[in-house]
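>>> For reference, the sequence and a predicted model appear below.
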Amino acid sequence: MENGAVYRSTTEAHPGPARGARSGLVAYFNLRRLKGTRLIIKLLQLVLSLLAFICEEVVSQCTLCGGLYFFEFVSCSAFLLSLLMLIVYCTPVYDKVDPAKVKSSDFYITVGTGLVFLVASIFFALTHDSTPAELAAIVFGFLASFVFLSDFFLMVYEKRKEPRPRKPEATVSEPLNA
């Protein structure tokens, strides 16, 4: 039996288009779906929630720890959810899922995260010990919550600006009183 039928050669004579400078995971990353303001807002959500989480993690001791723990959970969750949405928008996953469902998920994740992040920031601001790391975490938390909520309001504005499909008028062939 000839080995050519079982084994293929390991080198390609003509490498495909996926080889070269944009190969591997970078070839799948695409920022074209998020344009201008939306891309900046999504990146700000990611960076500010990460900075809030990092500053909160630096805190070594606390007197009233409930606010700190709640803020820790919310800031980490906000970072992971914003990373998830950015990955969905910028990879081929977006093509495999219904775009309306992605936008709907983004809408509800953004408003929920923004409101809970705002509540967590207020609660943490009321229970902190005034250390510099806590103050920085609170500032980043408020900024992140405002960015999430501004993204929500931008989505509402864009949704209202879209033309709504009109229902066709019903044609009546017989008189209504007959």
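Arrived safely, thanks for sending. Remember, it's a predicted structure, so these values are computed and weren't measured experimentally. Numbers count the residues shown, from 1 in each chain.
>>> so after the lowest-mean-pLDDT helix or strand in the chain, what's the next helix or strand?
Least confident helix or strand of the chain, by mean pLDDT, DSSP states H and E, is helix 93-96 with a mean of 85. For helix 93-96, the succeeding helix or strand toward the C-terminus, using DSSP states H and E, is helix 99-127.
>>> Can you give the distance of that next one from its chain's centre?
11 Å (C-alpha atoms, centre = their mean, to the nearest Å).
>>> what about the helices in the chain?
37-58, 65-90, 93-96, 99-127, 132-161 (DSSP state H).
>>> Export the ones you listed as JSON lines, with columns for mean neighbour count and distance to residue 167.
Backbone N, C-alpha and C define where each C-beta goes, glycine included. Conversion of the helices of the chain to JSON lines gives the following (neighbours: other C-beta atoms under 10 Å; distance: least, C-beta to C-beta, whole Å):
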{"stretch": "helix 37-58", "mean neighbour count": "19", "distance to residue 167": "30"}
{"stretch": "helix 65-90", "mean neighbour count": "19", "distance to residue 167": "32"}
{"stretch": "helix 93-96", "mean neighbour count": "11", "distance to residue 167": "30"}
{"stretch": "helix 99-127", "mean neighbour count": "17", "distance to residue 167": "19"}
{"stretch": "helix 132-161", "mean neighbour count": "18", "distance to residue 167": "18"}
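>>> These: lowest mean pLDDT?
Among those, helix 93-96 carries the lowest mean pLDDT, a mean of 85.
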